[in-house]
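Novice: below are the sequence and a predicted model for it; my questions follow.
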Amino acid sequence: MADIHSYDPPERFVVGTVGEPGQRVFYLQARTGTRLTTVAVEKQQVIALAERVDELLDELMAQAPNEALIPAVTPFDLKDDAPLEHPLEEDFRGGTMTLSWDVGTEQVVVEVFSLTPGEDPDEDEEPAEALVVRLRAGAARAFVERARAVVDAGRPDCPFCGLPLDPQGHLCVRANGFRRRDP
């Protein structure tokens, strides 16, 4: 039986990082009261989750008839730019994620399952831990806005090839192997 960290709804659900651009570790963090769950995830997982949550909310807004109140933008009072909470102790590393809409409660449901050792798709091994977060639509929009800001705060992209620039530049394929520097 999996250890489930459930938040319905959390007081806070955010993405944050630790480390310098290019070496950052991404975390999802949920908190209610003094209970805090921190899950390490990959940058690509954060990008995919933010995109899918945004798409889900946009689809719900477009549906007619729709009784749920879905904001088109993040409500001002729900913006969260505060750093990750401490102590910053990873509870588990996130693997598979699911996303759904609960029609009964009008909430976005995010589930993050722990990465199982040697994660073999042919094995039906149950994850040891899971984070289940239920968010109202406004809080989900705030999550998306912050996730995008956190991802965008990394290394700038090369204006020629689109790959990330390191502080010392990079070998740009569009410059025939010459080292490009940040303009």
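Specialist: Thanks, I have it. Because the structure is a prediction, the values reported are computed rather than measured.
Novice: what segments of the chain are helices?
Specialist: 43-62, 137-152 (DSSP state H).
Novice: chain center to the first one, what's the gap?
Specialist: What separates the centre of helix 43-62 from the centre of its chain is 10 Å, taken as Cα atoms, centre = their mean, to the nearest Å.
Novice: what comes up buried for it?
Specialist: 45-46, 49-50, 52-54, 56-57, 60 (16 or more other Cβ atoms under 10 Å). All C-beta spots, glycine's among them, are computed from the backbone N, C-alpha and C.
Novice: could you export those residues as JSON lines, including distance to V25 and pLDDT?
Specialist: Output for the buried residues of helix 43-62, formatted as JSON lines (distance: Cβ to Cβ, whole Å; pLDDT from 0 to 100):
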{"residue": "Q45", "distance to V25": "12", "pLDDT": "97"}
{"residue": "V46", "distance to V25": "11", "pLDDT": "97"}
{"residue": "L49", "distance to V25": "16", "pLDDT": "98"}
{"residue": "A50", "distance to V25": "17", "pLDDT": "98"}
{"residue": "R52", "distance to V25": "22", "pLDDT": "98"}
{"residue": "V53", "distance to V25": "21", "pLDDT": "98"}
{"residue": "D54", "distance to V25": "24", "pLDDT": "97"}
{"residue": "L56", "distance to V25": "26", "pLDDT": "96"}
{"residue": "L57", "distance to V25": "27", "pLDDT": "95"}
{"residue": "L60", "distance to V25": "32", "pLDDT": "92"}
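Novice: circling back: which of the helices of the chain sits closest to L84?
Specialist: The minimum distance between L84 and these falls on helix 137-152, with 10.0 Å, by Cβ to Cβ.
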